[in-house]
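A.B. asks: coords please:
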Amino acid sequence: MEIVATIGPLSTNYSTIKSIIEAGANLLRFNFALGSTEEMIERVDVAKKVISDHNYNNVKILADLPGCKIRVCDFIEGKLHINKKNKYIFKSCFELTSCKEFIPINYPNIGKCVSLDQLLIIGDGEIVFCIEEIYNDESFTAVALNSGVLRALNGISISGEIDKLNHFTSNTINHIKSLDYLRPDFVAFSFVRDADMVIKGKELIQHSCGINYKPKIVSKIETPLGIENFESIVGITDIILLARGDLAVYTDYSKLGIYQTKAIDICKLHKKKIIISTQVLESLVDRYFPTRSEVSDLTNIVLKGAHGIMLCKETVLPSEPSHTIEVAKKIISQALLAQGNERFYI
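C.D. replies: Numbers count the residues shown, from 1 in each chain. As a prediction, the model looks like this:
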């Protein structure tokens, strides 16, 4: 079973990447949404050197291209403590600023994208606001429904908007051009909503990198249209990545388990690989043992027939990301051992 490990700024060093690979990761994912083209080239080059130096020939590179993700801008303080029931001003902004007067958002005319009483979801649901007043096209006020910590570059989910956006932005195109140098084994497209989007992505890669470069294409399913058009997307892509984080905030989270089960079944029917992502073992960012629900979730992912899992924060934030992979391998091994057996063994 594939274990995809996300390599972030804190884990982009020779020794950490080596320990991640030795723990059992066989696909290294680089999230191009969180770095410039130059930064991503530098990070991937470190991984390639580790792979080359130690002949880790079975370890591959995944370039995860960004879509048009609405985010909190980078701001001077870096983080802001949000208090339940307090009101906060949100405003379109495109420069480094302080969050003392308003929370900056990296999207133009953000006031046009929202409506009164609409929910504004931060990250994977860590903080939720309810929109109370729209001042103008550039700003609005929202009330916090819970307390938490808002961080620079947190994603912002606004229901109904994600499938209307153009996800091949100028930033995405610049990253695609860098693939001619990087030549990753896999390339992922974000917020895939239909087969035409996959076709366009392939054409952009071919235009920038030539016809001889043919990476495996990964389609990330994380929006309502991605679910609606799932079978047609499966037919034209190499691998499906069910990105549960965004999927659970852009759709009804109570249906997430149903979407996952059906997605695995359809991929098996079409003989396509599927990787399950987000909060697989996220408690290990702060804990040594996983939660019981995480153990059950990962076991069921294996037994249901998924091809792999993708670890996100689990290998980006901890001081010892290799521990997460060792835990994942242990759970996966037990699930595979039990597969086909009619009784449990202790």
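
A.B. asks: hmm, who's touching the lowest-mean-pLDDT helix or strand in the chain?
C.D. replies: Here the helix or strand of the chain ranked lowest by mean pLDDT, DSSP states H and E is strand 156-158, holding a mean of 89. If you take Cβ atoms under 8 Å, 6 or more residues apart in numbering as the criterion, strand 156-158 is touched by 70-72, 105, 113-114, 118, 120-122, 246, 249-250. In this view, the C-beta of every residue, glycine as well, is placed from N, C-alpha and C.

A.B. asks: and with 7 Å instead?
C.D. replies: Residues outside strand 156-158 that contact it (Cβ atoms under 7 Å, 6 or more residues apart in numbering) are 70-72, 105, 113-114, 120-122, 246, 249-250.

A.B. asks: stretch 98-115 too?
C.D. replies: By Cβ under 7 Å, 6+ apart, the surrounding residues in contact with stretch 98-115 are 70-73, 75-77, 80, 88-94, 97, 131, 134-140, 150, 156, 158, 161.

A.B. asks: so where is the protein shaky, pLDDT-wise?
C.D. replies: Across the chain, the ranges flagged by pLDDT under 70 are 340-346.

A.B. asks: now the helices for it?
C.D. replies: 14-23, 37-53, 170-182, 195-209, 224-228, 230-236, 244-250, 256-269, 292-304, 313-316, 321-338 (DSSP state H).

A.B. asks: each with direction, which strands does the least confident helix or strand of the chain pair with?
C.D. replies: strand 119-122 (antiparallel) (DSSP bridges).

A.B. asks: alpha carbons only: can I get the strand it pairs with in PDB?
C.D. replies: Written as PDB, here are the backbone C-alpha positions of strand 119-122 (Å, rounded to 0.1, in the frame of the first residue of the first chain):
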ATOM      1  CA  LEU A 119     -20.700  30.200   6.900                       C
ATOM      2  CA  LEU A 120     -17.000  31.000   6.400                       C
ATOM      3  CA  ILE A 121     -14.900  27.900   7.200                       C
ATOM      4  CA  ILE A 122     -11.200  28.200   8.100                       C
END
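
A.B. asks: so how far is it from its chain's centroid?
C.D. replies: Offset of strand 119-122 from its chain centre (Cα atoms, centre = their mean, to the nearest Å): 17 Å.

A.B. asks: and for stretch 31-48?
C.D. replies: Relative to its chain's centre, stretch 31-48 lies at 16 Å (Cα atoms, centre = their mean).

A.B. asks: find the centremost residue of the chain, please.
C.D. replies: Closest residue to the average C-alpha location of the chain: residue 243 at 5.9 Å, with Cα atoms, centre = their mean.

A.B. asks: can I see the domain layout of this protein?
C.D. replies: Using automatic domain parsing, the domain parsing of the chain gives 2-67+167-338, 79-160.

A.B. asks: go through the ones you listed and pick out the most buried.
C.D. replies: Neighbour counts (mean count of other Cβ atoms under 10 Å) averaged over each of the domains of the chain peak at domain 2-67+167-338, with a mean of 19.

A.B. asks: over to that one now: how far is its first residue from its last?
C.D. replies: Taking Cα to Cα, to the nearest Å, domain 2-67+167-338 runs 18 Å from one end to the other.

A.B. asks: from the chain's centre, how far out does stretch 9-29 sit?
C.D. replies: With Cα atoms, centre = their mean, you get 17 Å for stretch 9-29.

A.B. asks: CA-only coordinates of that stretch, as PDB, when you get a sec.
C.D. replies: Extracted as PDB, the C-alpha positions of stretch 9-29 are listed here (Å, rounded to 0.1, in the frame of the first residue of the first chain):
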ATOM      1  CA  PRO A   9       9.200  23.700   4.900                       C
ATOM      2  CA  LEU A  10      10.000  22.200   8.300                       C
ATOM      3  CA  SER A  11      10.700  18.700   6.900                       C
ATOM      4  CA  THR A  12      12.700  19.900   3.800                       C
ATOM      5  CA  ASN A  13      16.100  18.900   5.000                       C
ATOM      6  CA  TYR A  14      18.300  16.000   4.000                       C
ATOM      7  CA  SER A  15      18.200  14.000   7.200                       C
ATOM      8  CA  THR A  16      14.400  14.400   7.800                       C
ATOM      9  CA  ILE A  17      13.600  13.300   4.200                       C
ATOM     10  CA  LYS A  18      15.900  10.300   4.600                       C
ATOM     11  CA  SER A  19      14.200   9.300   7.800                       C
ATOM     12  CA  ILE A  20      10.800   9.600   6.200                       C
ATOM     13  CA  ILE A  21      11.800   7.400   3.400                       C
ATOM     14  CA  GLU A  22      13.400   4.800   5.600                       C
ATOM     15  CA  ALA A  23      10.300   4.700   7.800                       C
ATOM     16  CA  GLY A  24       8.300   3.500   4.800                       C
ATOM     17  CA  ALA A  25       7.100   6.400   2.600                       C
ATOM     18  CA  ASN A  26       7.300   5.600  -1.100                       C
ATOM     19  CA  LEU A  27       5.800   8.800  -2.500                       C
ATOM     20  CA  LEU A  28       6.900  12.300  -1.500                       C
ATOM     21  CA  ARG A  29       4.400  15.000  -2.000                       C
END
